[in-house]
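*Asks:* next come a sequence and a model predicted from it.
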Amino acid sequence: MSTSNSDYQPPRVWQWKAESGGQFANINRPVAGATHEAKLPVGRHPYQLYSLATPNGQKVTILFEELLARGHENAEYDAWLIDIREGTQFSSGFVDINPNSKIPAMVDHSLEKPLRVFESGAILLYLAEKFGAFLPEAHTERTQCLNWLFWQMGSAPLLGGGFGHFYAYAPEKIRYAIDRYAMEAKRQLDVLDRELADREYISGDAYTIADMAIWPWYGQLVLGRLYDAAEFLQVESYEHVQRWAHMIDSREAVQRGCMVNRIRGKPERQLRERHDASDFEHRTQDKINSQD
């Protein structure tokens, strides 16, 4: 029975119906754990990242590229593609790193015993603390940065899994769900717009991991790159978010970070795996296609 039908009543006990539909129905399931055995590759750099260029994945590759641009040579990393459409995140190797089977996930091999780090916010905080960069040292400024980092972690699921899912991906358009989450998406944009009216970056005068966490979701939303929803949400009306979004978008490290593990869009903007800085010049998909 359609969930948009007003006569629908939930059963006493919910049961999984794999044929429920939707763009991601083939990989969604109500249980955790691996579906197949497969080891993850390991490259030569200290940090091994397993990801995809979704907004959550882009947060981490942006930070890596910003660290390298700032001269932190020890931040070199290998970025391996995890194609969530194919269920690669349910391999035994990936589940060992992240039992929640979500990208991004990372292993720090610079330690005597390699350490797994999962959840994008945790990875951002881990790397910022390790390199002493993009996270203020003073208690007040640090707290403000973390306020906004965790705001993003709590808010973006309502934008992505809420608005994005029902507006762009659900097998049918459900007015109540779209209206509910569109209202919340616009409220969140208004929160950001009011804050950015008084400061250059989201937590103050400094560019931090809070900006790197929020921009791939809300910055790209107002730039018209998420869900084809710019007109629907009237994103041009959030002038301070627009100013901030364009400013972040102009950073070369951000542009590089958005290319890593990308499998959609222009071939010259897709670097499906990243193992060396020169890959941006020689290993983008347009270059690889020309060699075939």
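*Replies:* On my side now, so go ahead.
*Asks:* switch to C-alpha atoms for all contacts and neighbour counts from now on
*Replies:* OK.
*Asks:* can you map out the strands along the stretch 51-200 of the chain?
*Replies:* Assigned by DSSP state E, counting those that start in this stretch, the strands in the stretch 51-200 of the chain fall at 77-81, 105-108, 115-118.
*Asks:* helices and strands around the longest one, which ones?
*Replies:* On a contact count with 3 or more CA pairs under 8 Å, 6 or more residues apart in numbering; DSSP states H and E, strand 77-81 meets strand 47-51.
*Asks:* can you name every helix or strand that the strand it packs on contacts?
*Replies:* Using 3+ CA pairs under 8 Å, 6+ apart: strand 47-51 touches strand 77-81, strand 105-108.
*Asks:* now the last one: buried residues?
*Replies:* Going by neighbour count (16 or more other CA atoms under 10 Å), the buried part of strand 105-108 is A105, M106, V107, D108.
*Asks:* need the residues you listed in JSON lines with distance to I27 and pLDDT, can you?
*Replies:* Formatted as JSON lines, the buried residues of strand 105-108 follow (distance: CA to CA, whole Å; pLDDT from 0 to 100):
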{"residue": "A105", "distance to I27": "18", "pLDDT": "98"}
{"residue": "M106", "distance to I27": "22", "pLDDT": "98"}
{"residue": "V107", "distance to I27": "24", "pLDDT": "98"}
{"residue": "D108", "distance to I27": "28", "pLDDT": "98"}
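*Asks:* ok so, going back, relative to V13, which of the helices and strands packed on strand 47-51 is closest?
*Replies:* Nearest to V13 among the helices and strands packed on strand 47-51 is strand 105-108 (33.8 Å), distances taken as CA to CA.
*Asks:* and the closest one, which strands flank it?
*Replies:* Paired with strand 105-108 in the same sheet, following DSSP bridges, are strand 47-51 (antiparallel), strand 115-118 (antiparallel).
*Asks:* could these go into TSV alongside distance to R225 and mean neighbour count?
*Replies:* Output for these, formatted as TSV (distance: least, CA to CA, whole Å; neighbours: other CA atoms under 10 Å):
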stretch	distance to R225	mean neighbour count
strand 47-51	19	26
strand 115-118	26	18
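*Asks:* tell me which of these sits nearest to I27.
*Replies:* Here strand 47-51 is closest among the strands paired with strand 105-108 (CA to CA), at 16.2 Å.
*Asks:* tell me the angle that closest one makes with strand 77-81.
*Replies:* For strand 47-51 against strand 77-81, the angle by axes from the mean of the first three to the mean of the last three CA atoms, to 10 degrees is 20 degrees.
*Asks:* tell me which residue is most central in the chain.
*Replies:* Per CA atoms, centre = their mean, the C-alpha nearest to the average position across the chain is that of N56, at 1.1 Å.
*Asks:* need the helices and strands packed on strand 47-51 in TSV (columns: distance to Q89).
*Replies:* TSV is the format used below for these (distance: least, CA to CA, whole Å):
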stretch	distance to Q89
strand 77-81	10
strand 105-108	10
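*Asks:* which of the residues in the helix or strand where H246 lies are buried?
*Replies:* According to DSSP states H and E, H246 maps onto helix 239-249. For helix 239-249, the neighbour count (16+ other CA under 10 Å) marks H240, V241, Q242, R243, W244, A245, I248, D249 as buried.
*Asks:* I am finished for the moment; much appreciated.
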